[in-house]
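1. Below is the structure, and that's it, no one-letter string:
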């Protein structure tokens, strides 16, 4: 049974082992870090000292998923509007040896439940690189839908241009999925 709890500084060392190469790392963090690999201290500095790069003091919520065997997944939530009705998920990752077994979908289910029930969100959104079809498929399986945009965000990685697709789910869609 997967459970979700607030991130602890000790989680960083394990989470970082899930990025075996820089492509995986960049798909997870985009351009939010200026070097690879990062250390647990780098991650904790960004999360705990820099508040996840959020200027608002109460706007950054990192979570860790775990089961009886230990840590399984991680993500962050942050509000993207002053009314605190839209939450954005980011830094979504699952232990690389457990991918493809439904852990990602379950991590998202737990997170969406938390976002709508505890945080009172009306909409939850996220971005995924279009060159990451496994993650895109996981998000869709969890109920997220593609959101067409006039201008897509891009990131320059390894001399390539990576395009970001936006996905979202609203409270009514979530309630319908829950049954």
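-> That came through fine. Computed from a predicted model, the values in this text were never measured in an experiment. Numbers count the residues shown, from 1 in each chain.
2. which residue packs closest to residue 56, ignoring adjacent ones?
-> Spatially, and ignoring its direct neighbours in sequence, residue 56 is nearest to residue 79 (7.5 Å; CB to CB, 6 or more residues apart in numbering). Yep, even glycine has a C-beta here, placed from its N, CA and C like the rest.
3. biggest helix in the protein by residues?
-> Using DSSP state H, we find that the single longest helix of the chain is helix 103-117.
4. in this protein, which helix or strand is least confident?
-> One helix or strand of the chain scores below all others by mean pLDDT, DSSP states H and E: strand 154-157, with a mean of 86.
5. Now do the helix or strand following that strand and helix 103-117, the angle between them.
-> The C-terminal neighbour of strand 154-157 among helices and strands, as given by DSSP states H and E, is strand 160-170. If you take axes from the mean of the first three to the mean of the last three CA atoms, to 10 degrees, strand 160-170 sits at 50 degrees to helix 103-117.
6. Run the chain-centre distance for strand 160-170.
-> Shown here is strand 160-170, whose average C-alpha point lies 12 Å from the average C-alpha point of the whole chain (CA atoms, centre = their mean, to the nearest Å).
7. who's in contact with it?
-> Judged by CB atoms under 8 Å, 6 or more residues apart in numbering, the contacts made with strand 160-170 from elsewhere in the structure are 26, 112, 122-131, 136, 139-140, 142-147, 149, 152-156.
8. for the residue nearest to residue 104 when sequence neighbours are not counted, what are its contacts?
-> Counting by CB to CB, 6+ apart, residue 104 lies nearest to residue 138, which is 4.3 Å off, once chain neighbours are set aside. With contact taken as CB under 8 Å, 6+ apart, residue 138 is in contact with 104-105, 108.
9. what does residue 60 give?
-> For residue 60, the contact set (CB under 8 Å, 6+ apart) comprises 47, 51-52, 54, 76, 78.
10. From these, keep the buried residues only.
-> Using 16 or more other CB atoms under 10 Å as the burial test, the contacts of residue 60 include 47, 52, 76, 78 as buried.
11. Mind giving me the packing neighbours of the strand or helix carrying the third one?
-> Translated: residue 76. Per DSSP H and E: residue 76 is located in strand 70-79. Contact partners of strand 70-79 among helices and strands, from 3 or more CB pairs under 8 Å, 6 or more residues apart in numbering; DSSP states H and E: helix 11-16, strand 61-67, strand 86-94, helix 103-117.
12. same thing but 10 Å
-> Contact analysis of strand 70-79 by 3 or more CB pairs under 10 Å, 6 or more residues apart in numbering; DSSP states H and E lists strand 3-6, helix 11-16, strand 61-67, strand 86-94, helix 103-117, strand 123-129 as its packing neighbours.
13. how about TSV for these, with mean pLDDT and mean neighbour count added?
-> TSV is the format used below for the helices and strands packed on strand 70-79 (pLDDT from 0 to 100; neighbours: other CB atoms under 10 Å):
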stretch	mean pLDDT	mean neighbour count
strand 3-6	98	12
helix 11-16	98	19
strand 61-67	98	20
strand 86-94	97	21
helix 103-117	97	20
strand 123-129	96	21
